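Q: Got a sequence here, can you build the structure:
(chains A and B)
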2 protein chains.
Amino acid sequence: MYTQSELKQLVDKAIGNLTYNGEAARLIDPVRYVLSIGGKRIRPVLALMACNLFSDTIDDAVMPAVGIEVFHNFTLVHDDIMDQAPVRRNYPTVHTKWNLNQAVLSGDVMAFIANDCFLQAPPAQLVEMFRTFNRTAIEVCVGQQLDIDFETAKIISQAEYIRMIELKTAVLLAAAAKIGGIAGGAAAKDAQLLYEFGRNLGLGFQIQDDILDTFGDTKVFGKATGGDIVSNKKTFLLVKAMELAPAKTRKKLQELADLKEFDPEEKVKAVMNVYEQLKVKSVTESIANDYINIAFGKLDKVSANRKRKGEITGLAESLIGRVK
Amino acid sequence: MYTQSELKQLVDKAIGNLTYNGEAARLIDPVRYVLSIGGKRIRPVLALMACNLFSDTIDDAVMPAVGIEVFHNFTLVHDDIMDQAPVRRNYPTVHTKWNLNQAVLSGDVMAFIANDCFLQAPPAQLVEMFRTFNRTAIEVCVGQQLDIDFETAKIISQAEYIRMIELKTAVLLAAAAKIGGIAGGAAAKDAQLLYEFGRNLGLGFQIQDDILDTFGDTKVFGKATGGDIVSNKKTFLLVKAMELAPAKTRKKLQELADLKEFDPEEKVKAVMNVYEQLKVKSVTESIANDYINIAFGKLDKVSANRKRKGEITGLAESLIGRVK
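A: You can find the predicted model right below:
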């Protein structure tokens, strides 16, 4: 059994060992840059842990796991263009450090580098893994589109919001777990349970993330609170508040969102007052917990020894508890 | 044996029948738009013809051929962003008709739709076809990078220029021919000959295209002449002229390129005078013809009945002769 930190090291090493067509340094420099900034490598580590549930050797899962991480970083490079984000993980984004065209093109090549990783998978499982990955990649694009569409939409239902975060975030965690399972030789039923584990975990995680942005402790979580409110982001909290609020309160929320000039602190306070009246935080926490409980229930049903599930359980707990 | 026009119809139909994840209309509308504008479908038709050299049924080649066309159009959508091109094939480009973000994201999903086409290839040949395609996709990105790099480079050698157009244009024609051959059951040697046929044809075609922009007849080819000179594009003609010119003439060419204000017609005339002195046109034509002759030589060696090669020969001739 590999520990989370061993697997992260293994992923970092495999990413460092990626070989590129080196004819155009300017194309590949941003790719190396983005991949070296790192992050927690949650998705590839999850894939390797899922493989390790069924198999002592995890070699067959390494390149697909790396492919998932490269794909994930490809989406970040292009999402940052669309969001005009200057910074990601405390480093300048590619379109800021280089320029727009470079971010488009170096992003593009990452999609094909991800393909290349899958094309190195063991022949017997290559096509099934690749199909799972590619269906997910298309879904992630759809999720990003829905996210963009929501920016200009007046009202979003809970179902619409859940579907957006499912596509934009949850399915990639789901695919990572499933692909790792396939590499480890999981039966179809177990591979699907792992998919559902990842999907529900992703949903719970994303809803929790919305709670943390507004209610989280800056010191503990290293994230400023209230940014979502200031920018009128359609979070689960806002969607839920609009659903629960009586007409008059809904109108007030809309007026707060429509303000052109405002004191950010006052706006955050006013919206949070509404959230408090409507008990939005506890309602939202309870929904996040439902997804998380479903996730652990799916993991429970996977036909692998309980002891073997320790690492993957720990990863999931650290993700939702934000302790690591 | 299928004719070129039958194959084009078949490709158009298969593209029209592509199914998409339809949850986000705004994501897919630009994809349908770009793919419906069409063009001559040279690459997929070439792939189907290559398949038809070895096999009476071409079904196995259809989805990979469509995948190549979708990929090609993906590169056009993103290249048009990078070139800030307002029009392509007489229609507004995606970033003009929609916006930048939409062009990035709808372009992205096309890369995965292309993957999906390859994932529908016959299992026995899927991986070989996909590897050929994906290596090529990475090369095309490298070629686009070299093209961007050349814009700001002072002097480009003939070898550098040839390598750029090889990667940006020729390898995709090469891959199309090879992938079609693989689908038809070609032996490895024949698949490689088809690759070399497509590669050399692409090089000859691209060099000819440079000649036509400067020397072509607007009435016959429907293309204005001299645009490359006005915009200082590093064409084969310019690269060759800089190579052949004595120091004084080279300095003059550089001065013409450095002009900030100029009468376009006069600039074109002055540069064309230099080209005439140096016999750049005939030197360039001869090099293009060398590549084209090599291409037909490779096709000759492919182990298929001469009569069967009629359609593919016709396609190649129409491409370089610009008669269709």
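Q: list the contacts for the residue nearest to residue A:163 when sequence neighbours are not counted?
A: Nearest non-adjacent residue to residue A:163, counting by CB to CB, 6 or more residues apart in numbering or on different chains: residue A:146, 7.1 Å away. Yep, even glycine has a C-beta here, placed from its N, CA and C like the rest. Shown in contact with residue A:146 (CB atoms under 8 Å, 6 or more residues apart in numbering or on different chains): A:160, A:163, A:164, A:167, A:168, B:23, B:24.
Q: For residue A:146, pull up the helix or strand it's in.
A: Using DSSP states H and E, residue A:146 sits within helix A:123-151.
Q: Quick check: the residue in the stretch 201-324 of chain A positioned nearest to chain B vs residue A:11, distance?
A: Minimum separation of the stretch 201-324 of chain A from chain B (CB to the nearest CB) falls at residue A:234, amounting to 15.6 Å. Distance from residue A:234 to residue A:11, counting by CB to CB, to the nearest Å: 33 Å.
Q: Bridged to residue A:88, which residues?
A: Residue A:88 has the following beta-bridge partners by DSSP bridges: residue A:91.
Q: Now for it: which residues touch it?
A: A:37, A:76, A:80.
Q: okay, the residues you listed in a markdown table with pLDDT and secondary structure next?
A: Converted to a markdown table, the contacts of residue A:88 look like this (pLDDT from 0 to 100; DSSP: H, G, I helix; E, B strand; the rest coil):
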| residue | pLDDT | secondary structure |
| --- | --- | --- |
| A:37 | 93 | helix |
| A:76 | 97 | helix |
| A:80 | 97 | helix |
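Q: Any of those buried? List them.
A: For those, a neighbour count by 16 or more other CB atoms under 10 Å in any protein chain shown gives the buried set as A:76, A:80.
Q: Which one of the contacts of residue A:88 is nearest to residue A:132?
A: residue A:76 (20.9 Å; CB to CB).
Q: show me the contacts for that closest one.
A: Counting by CB under 8 Å, 6+ apart, residue A:76 has contacts A:34, A:88.
Q: re the thing from before, model confidence score at the residue of the stretch 201-324 of chain A closest to chain B, please.
A: You'll see residue A:234 listed with a pLDDT of 93.
Q: again, but for residue A:154
A: What the model reports as pLDDT for residue A:154 is 85.
Q: Equivalent analysis for the one 4 residues further on, please.
A: The score at residue A:158 is 97. That number is its pLDDT.
Q: now it: how far from chain B?
A: The gap separating residue A:158 from chain B is 17 Å, by CB to the nearest CB, to the nearest Å.
Q: so what's the backbone phi/psi at the nearest residue to that residue once chain neighbours are set aside?
A: Computed as CB to CB, 6+ apart, the closest residue to residue A:158 that is not its neighbour in sequence is residue A:239, at 5.7 Å. Main-chain torsions, residue A:239, degrees, to the nearest 10: phi -60, psi -40.
Q: Just say helix, strand or coil for the residue of the stretch 201-324 of chain A closest to chain B.
A: With DSSP: H, G, I helix; E, B strand; the rest coil as the basis, residue A:234 sits in coil.
Q: and of the contacts of residue A:88, the nearest to chain B?
A: Of the contacts of residue A:88, the one sitting nearest to chain B (CB to the nearest CB) turns out to be residue A:80, at 10.6 Å.
Q: for the closest one, what are its contacts?
A: Residue A:80 makes contact with A:88, A:93, A:94, A:95, A:103 under the criterion CB under 8 Å, 6+ apart.
Q: Can you tell me how far the third one is from residue B:160?
A: Think residue A:94. Going from residue A:94 to residue B:160 by CB to CB gives 26 Å.
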